[in-house]
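In: Okay, here's the prediction I keep looking at, along with the sequence it came from:
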Amino acid sequence: MTPHRRPFGPDDLYAVRQVTDVDVGPDGRIAAYSVAWADRDTDRNRSVLALIDRDGGDRPLTHGHADVAPRFSPDGRRLAFRRAALDAPAQVVVLHLGGGEPVVVTDMADGVDEHVWLPDGSGLIVVAAVRPADQVDADTDELAARPRRITSIDYRSNGRGWTHDRRHHLFRVEVDPDGGLATQLTDGTADDGEPAVSADGTMIAFVSAREPDAAFVGGSDIWIVPVAGGEAVRLTDGTGSWSAPTFTADGDRLVVLGHPGRATVAIARPHIVSTAGGTGAGHTPAGGVPELLVDVDVTARAVVASWPRPAVIADGSLYAPGVRRGSVHVDRYGIDGQQHEIVVDGQRSVTAASVAADGAIWFAASSATRPAELFRAEGDVEERLTSLSDPLLAEVDVVEPTEVEVASADGTCVHAWVVRPPASAPDTADRRPGLVYVHGGPTAQYGWTFFDEFQVAAGAGYVVVAGNPRGSDGYGEAWVIDIVGAFGERDFQDVEALTDHLAALPDVDPDRIGIGGGSYGGFISAWAIGHSDRYRAALVERALTNLPSFVGTSDLGVPFAESFFGPGASTDAERLRRHSPLTYAASITTPTLIVHSEQDWRCPPEQAEQLFVALQLAGTDVELVRFPSEDHELTRGGRPGHRVERFHVVHDWFAHHLRGAPTRPADDS
C-alpha cells in the first residue's frame, strides 16, 4: 500500500471503466471494442467505441452517449453498432472506417436489440419490437391512457415492460448512403431473437418459443427462415431449451447451446442440429433433438458470462464461455473431432471474446482486483492491451480475496472467498463485524471478477464471506440441480456453514454478523433470518419472498416454479408456501432492510411489500427502501446516482446495527 491510497467507496463507481465487448476485423489486425462507465454528469450509463491494432495503436472511434456492440462488415471497411441517445431507444449506425460521418440505418419505434451483418455486406439482420398498427404513430401519453387487452401470461418482461402487444421480430435492413430500408421477416405472438446468417447469405437461424404452452413451461426452439423472406421452419422438436445458433462453414449444421427438456433445470452444453432440408422436401416440421457435441460437465452459457455473442465458430471449432469454480473461461470444442480444451483460463471472468482468422483470441476479462480490460492471446502468448483502471487502482486500496473451502453440515465442501478490509479501512474494533453475501440466480456464481459490492463492504471495515452453495453454477450439473424442490434446505445449510466459518475467524466478532443478497440471494437472506437469530442485521434485496404470489406476478413465475419445484408446483400453494420466507416472517427478530425497485417484474414489488408488512406486524425493526424508475438490474445497470445512493442506504443500515463504518460523508445531506 502506498500512503495516499484509500478504501474503495460508493463514489468510486464513477471511476470504474471497463471493456464490455470486442470484435476483431476480418484480417485479424484490428479490433473494435466498447468501453462503459457510470457517468456522473448525465446520471446515465455511458459507452463509447475504440479501435485498436495488434501493433499497439489505439484510438477513440465514437463519442455517442451509448454506443455498443461493434460489428465489422465482412470486408472490414465498415462498422455497425447500436447507438442510443439520452433517454432514446438504440438504433443501428454504420460507420465507414475510411472516413465520413456515421449513418443511422434503422428507425424502429422501440429501438433495435440485436444486429448481424449479411455475408455480402449489403445489409443487416436486426431484431426489433413490432407495435400494432394502431400504436405506430401514438405518443407515450396516449398509449399510457389506453386499456391493455391481455390474453397470455407472458405479457410483460423485466427491463422491457409491456410485451404482449410488441413482440420482437427479425428484419432485413438494406445499407446504403441514405439509411436502410427495413423488411420484416418474421411475425407472430412469440419473440424471435439471436439471429445467425449462413455463410452463403441465404438463411437465418433464430430462437423462438412458439409452442402453445411455452409461457407455462418455458423452453425454446431453433427456427430457420430465408433471408429473402418466406415461411419460418422449426429445426428442433419443441421439447428442449435451445439458444445461440451458429452456422458451421458449410451451412449444413448449426451449433446450439442448451439442453433437452422444458420446465427443467440443467446446464447448457453445445449441441449439433442439422439444417439439411430446412425449407425443402424431406424436412420434418417438428424437427429433431440436437446431438450433444462433447459431453463436458461445464455450462457453456450462463448469466454470469453474459457474452454479447455466447458462441463463435472459427477454424472449424466452436468457442464458448466455460463457467467453472468462480471463473468464466474460453472453451474450444472441435465440431467434427469432438475434442474439448480450455484456451483462455485463469482466475478471472471472460465477458466477451472474438476469434481472428489467424486463431488469435481477442477478449475482455475481469479479475477480482481489476475491472474488465482487453486482452489478446495467440498460442501461449497473452498480452493485456488496455489499462483503463490504472488511474483508479493507483488511488484506492482494492482487496484481493482469499479462496477457502468450507465444510457444510453433511461434509460437502463449499467453495468460497473471504474479503478482508484493506489497511486503509477504518478500524471498527479489535475484531471486525462480518457480512455473509449470497448471490442471485440461483444458478449463478461468485468468484474471480471485480465486484464493487465486496470492495465497498471491505472498505467500510467488514470482513466478507461469499460462496457458491448448492444450486450455484460452475461445479457441474449435479450441483446445480441439488436444490430443485428443496429451496431453503441444503443451500441454507451451506450458507450456515459459511457463516460458521466467518464467525470463527480470529479478526471477526461473532456477535456482529449480518447477511445480505439480491434476488435468490435475497430469498436466502430472508429465509436465514426466519430460521435463525444469529444475524444482527439483514439486507433483503429485490427478493423472492412469497412463492404463491410470485407465480402470479413475476415475468417468469410459472415456468420458474415448474422448473425449480417440479411439475404442478405452480398450482400447489402448500408446496410453494413451505418454501417461502414469508411463511416464517412472524419468527423474524433480525433488523431487516428491504430494498426493491418499483419496475422490477422479475421479483415484483409486492414481494417486498408483503415481507415489510409482515415484519411490521411482528414488531421487527424493518425499513423498506424503494427505487423509482428501476428494475431488477438496479445494482448492475441502474442509474449511477441510484446505485451510489443504494450503497449508502445499505451501509447506513449495517453501520447502525453492526457498528461498521458508514460510507456516507458526514456533511452529505
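Out: Thanks, I have the structure now. Residues are numbered from 1 along each chain as shown.

In: only C-alpha atoms for contact and neighbour calcs from this point on.
Out: Noted.

In: From the chain's centroid, how far away is the longest helix along the chain?
Out: Selection of the longest helix in the chain by residue count, based on DSSP state H, yields helix 640-658. With Cα atoms, centre = their mean, to the nearest Å as the basis, the distance from the averaged C-alpha position of helix 640-658 to the chain average is 23 Å.

In: for stretch 115-129, same thing?
Out: Relative to the centre of its chain, stretch 115-129 is centred 24 Å away, using Cα atoms, centre = their mean.

In: Next, the distance between the ends of that stretch.
Out: Taking Cα to Cα, to the nearest Å, the span from the opening residue of stretch 115-129 to its closing residue is 13 Å.

In: change the start of the numbering to 274 and stick with it
Out: Sure, I'll start counting at 274 from here, so that last one is stretch 388-402.

In: Would you mind listing the buried residues in it?
Out: Within stretch 388-402, the residues that count as buried by 16 or more other Cα atoms under 10 Å are 388-392, 394, 396-402.

In: again with stretch 884-903
Out: For stretch 884-903, a neighbour-count test (16+ other Cα under 10 Å) marks 884, 885, 887, 888, 893, 895, 896, 897, 898, 899, 900, 903 as buried.

In: ok, and what's touching it?
Out: 818, 855, 858-873, 881-882, 911-912, 915 (Cα atoms under 8 Å, 6 or more residues apart in numbering).

In: Kindly check the end-to-end length of it for me.
Out: Start and end residues of stretch 884-903 are separated by 20 Å (Cα to Cα).

In: gap between that stretch and the chain center?
Out: Using Cα atoms, centre = their mean, the mean C-alpha position of stretch 884-903 is found 27 Å from that of the whole chain.

In: Run through who's touching the longest helix of the chain.
Out: If you take Cα under 8 Å, 6+ apart as the criterion, helix 913-931 is touched by 283-284, 286-287, 311-313, 316-318, 706, 729-730, 733, 785-787, 809-812, 864, 866, 900, 907-908, 933-937.

In: now, which of the contacts of stretch 884-903 lie within helices?
Out: Among the contacts of stretch 884-903, DSSP H puts 881, 882, 915 in helices.

In: So which of the residues you listed is the closest to residue 538?
Out: Of all these, residue 881 has the smallest distance to residue 538: 26.0 Å, by Cα to Cα.

In: what's the neighbour count on the closest one?
Out: Residue 881 is surrounded by 25 other residues when neighbours are defined as other Cα atoms under 10 Å.

In: ok, it to residue 471 distance?
Out: Using Cα to Cα, one obtains 47 Å as the distance from residue 881 to residue 471.

In: re earlier: please flag which of the buried residues of stretch 388-402 sit within strands.
Out: Per DSSP state E, strands hold the following members of the buried residues of stretch 388-402: 388, 389, 390, 396, 397, 398, 399, 400, 401, 402.

In: what's the burial count for residue 774?
Out: Residue 774 is surrounded by 18 other residues when neighbours are defined as other Cα under 10 Å.

In: you'd agree it is in a strand?
Out: No - read with DSSP: H, G, I helix; E, B strand; the rest coil, residue 774 is helix and lies in no strand.

In: I figured it was touching residue 677, is that so?
Out: No - with contacts counted by Cα atoms under 8 Å, residue 774 stays clear of residue 677, the gap being 9.6 Å.

In: could the ones in helices among the contacts of stretch 884-903 be laid out in CSV, adding distance to residue 344 and pLDDT?
Out: Output for the ones in helices among the contacts of stretch 884-903, formatted as CSV (distance: Cα to Cα, whole Å; pLDDT from 0 to 100):
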residue, distance to residue 344, pLDDT
881, 41, 98
882, 44, 98
915, 32, 98
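
In: Tabulate the residues you listed (CSV), appending distance to residue 521.
Out: Output for these, formatted as CSV (distance: Cα to Cα, whole Å):
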residue, distance to residue 521
881, 47
882, 50
915, 44
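
In: closest to residue 620 among those residues?
Out: Proximity of the ones in helices among the contacts of stretch 884-903 to residue 620 was ranked by Cα to Cα; the top entry is residue 915 with 30.6 Å.

In: any idea how far residue 521 lies from residue 818?
Out: Taken as Cα to Cα, the span from residue 521 to residue 818 is 45 Å.

In: Check residue 623 too.
Out: Separation of residue 623 from residue 818 (Cα to Cα): 32 Å.

In: quick one on the thing from earlier: any chance of a ChimeraX selection covering the buried ones in the contacts of helix 913-931?
Out: Isolation of the buried members of the contacts of helix 913-931 (16+ other Cα under 10 Å) is achieved in ChimeraX through the command below:
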select :283,284,286,287,311,312,313,317,318,706,729,730,733,785,786,787,809,810,811,812,864,866,900,907,908,933,934,935,936,937
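
In: Contacts for stretch 597-604 next, please.
Out: Taking contacts as Cα under 8 Å, 6+ apart, the residues outside stretch 597-604 that touch it are 571-572, 577-578, 592-596, 613-624, 626, 688, 718-722, 746-748.

In: for stretch 326-344, same thing?
Out: Counting by Cα under 8 Å, 6+ apart, 294-296, 302-307, 318-325, 352-359, 389-390, 581, 658 sit against stretch 326-344.

In: Now list the buried members of the residues you listed.
Out: Neighbour-count burial (16+ other Cα under 10 Å) applied to these gives 294-296, 303-307, 318-325, 352-357, 389-390, 658.

In: I'd like the list of these that fall within strands, please.
Out: Going by DSSP E, the strands hold 294-296, 303-307, 318-325, 352-357, 389-390 from these.

In: what about the stretch 524-673 of the chain, any weak spots by pLDDT?
Out: Within the stretch 524-673 of the chain, the set of residues satisfying pLDDT under 70 comprises 550-560, 575-579.

In: can you give me the strands for it?
Out: Counting by DSSP state E, counting those that start in this stretch, the segments of the stretch 524-673 of the chain that form strands are 526-533, 542-547, 564-565, 585-587, 590-597, 600-607, 613-617, 622-628, 634-640, 643-651, 654-657, 669-670.

In: other SSEs contacting the third one?
Out: The one in question is strand 564-565. strand 542-547 (3 or more Cα pairs under 8 Å, 6 or more residues apart in numbering; DSSP states H and E).

In: which regions of the stretch 324-473 of the chain sit below the pLDDT cut-off?
Out: When the per-residue scores of the stretch 324-473 of the chain are filtered using pLDDT under 70, the ranges that remain are 450-452.

In: which residues of it fall in helices?
Out: For the stretch 324-473 of the chain, the helices defined by DSSP state H, counting those that start in this stretch occupy 413-418.

In: if I look at the spatially closest residue to residue 912 that is not a sequence neighbour, how far off is residue 653?
Out: Setting aside the residues directly before and after it, residue 912 is nearest to residue 317 in space (Cα to Cα, 6 or more residues apart in numbering), at 5.4 Å. As for residue 317, its distance to residue 653 is 39 Å (criterion: Cα to Cα).

In: again with residue 710
Out: Distance, residue 710 to residue 653, by Cα to Cα: 36 Å.

In: These two - which one has more neighbours?
Out: Neighbour tally, residue 710 and residue 653, criterion other Cα under 10 Å: the higher count belongs to residue 710, 27 against 7.
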